[in-house]
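Colleague: Would you be able to build a 3D model of this:
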Amino acid sequence: MVNNLVLRIISAILLAPLVIYVLYLGGTYFQILALTCLFLMLYEWFDINNKNKRMLVIGGIVAVIEFTVIKMSPINIAFFNLRYVIYTMLLTLTYCVLRWTKIITVALLALMVYLIIHMLIIPKPYGAPVNELIYFCGSIVVALITGHLVRKTSKENTLFSGGVFYILIPMLYVICKVTEASEDFFKMALWVLIVVWSCDMFAYFGGRMFGGAKLAPRISPNKTWSGAIVGAIMTLFITYFGIAQFVKIDKISLTCVTFAMIIASIMGDLLESKCKRILNVKDSGNIIPGHGGILDRLDSLLMVIYVFVIAETLWYLKLDLKMLLTSTKWI
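Modeller: Okay, the predicted model is just below:
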């Protein structure tokens, strides 16, 4: 146990500054790091599911070639819009997980209304609204067909496919988002990382110090309620008195979103532990001493990114509704 703790601390001391530095450099440097992490996580997921990794390697080579061509090309390749790819995968994952058709239908209608309002108020410079609407409807159709086909397979294949979508969605979002290469992106990303790291670190030491009732004994017997509470309190403290100084969001909103991120961080860790128990494996890999695989290290971060994206969407929706109520130019 002591040796494992020492390895965890050394790995964190070496890796955390490197990740922050690459994040500070931003742009292509961070995209390369994100693509590398994405490939390694998918490789580990294929491995623990005993799937043939040949197609993954081929896909990785194609992605690297395409990434290189796009970066070297002086022409802005705007026709390949990853937003709709991400949205399609998100709908597919939702369709695979949820069995309540009415909920999905209402959600799709709500998204459709939001998109129409958004286009009427703020026309996008990269294409006519009708084109965006066609892409949007097409992504819904593709998602429903794909989700239906996945649901028809065995439970093992459904778990595997859902895991692939679950990993791809937040990582592709990060890769798209980093193209902004802005100072605000660095600050927001640093906020997310600090929340995940702080929650994980203080939960670990809080659990060892206080012990007590188990959080989810059947899924992860080492996690305790005391650790989760200590991690949450310390993370909220750091957010309120530290992160709030450089993130341009009011403290109430910042605290609320951070609390949601903390819950997501815990749930993401438990979700991966549940999957590993189903697949009867201890770690997703052994690339990081003391931490296991990349998927073991980033399991909480993946779920937190989902919460961040939802919070960002609600924020833009709030701005759109405000503009809708104050504008006289929309039809």
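Colleague: The stretch 201-331 of the chain: strands as residue ranges?
Modeller: For the stretch 201-331 of the chain, applying DSSP state E, counting those that start in this stretch gives strands covering 214-216, 220-224.
Colleague: How about residues contacting the shortest one?
Modeller: By that I understand strand 214-216. Strand 214-216 has contacts (CB atoms under 8 Å, 6 or more residues apart in numbering) with Pro221, Lys223, Thr224, Trp225, Gly227, Ala228, Ile266, Leu270, Ser273. C-beta: built from backbone N, CA, C; applies to glycine.
Colleague: Any idea which of the strands of the stretch 201-331 of the chain gets closest to Leu15?
Modeller: Leu15 sits nearest to strand 220-224 of all the strands of the stretch 201-331 of the chain, at 21.7 Å, using CB to CB.
Colleague: For burial, what's the neighbour tally of Ile61?
Modeller: 10 (other CB atoms under 10 Å).
Colleague: With mean pLDDT as extra columns, can I get the strands of the stretch 201-331 of the chain in JSON lines?
Modeller: Shown next, in JSON lines, are the strands of the stretch 201-331 of the chain (pLDDT from 0 to 100):
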{"stretch": "strand 214-216", "mean pLDDT": "83"}
{"stretch": "strand 220-224", "mean pLDDT": "82"}
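Colleague: Output those as a markdown table; include the columns mean neighbour count.
Modeller: Below are the strands of the stretch 201-331 of the chain laid out as a markdown table (neighbours: other CB atoms under 10 Å):
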| stretch | mean neighbour count |
| --- | --- |
| strand 214-216 | 18 |
| strand 220-224 | 17 |
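Colleague: can you put those in JSON lines and add distance to Lys53?
Modeller: Listed next are the strands of the stretch 201-331 of the chain as JSON lines, based on distance: least, CB to CB, whole Å:
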{"stretch": "strand 214-216", "distance to Lys53": "31"}
{"stretch": "strand 220-224", "distance to Lys53": "27"}
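Colleague: nearest to Val64, of those?
Modeller: Comparing the strands of the stretch 201-331 of the chain by CB to CB, strand 220-224 comes nearest, at 35.2 Å.
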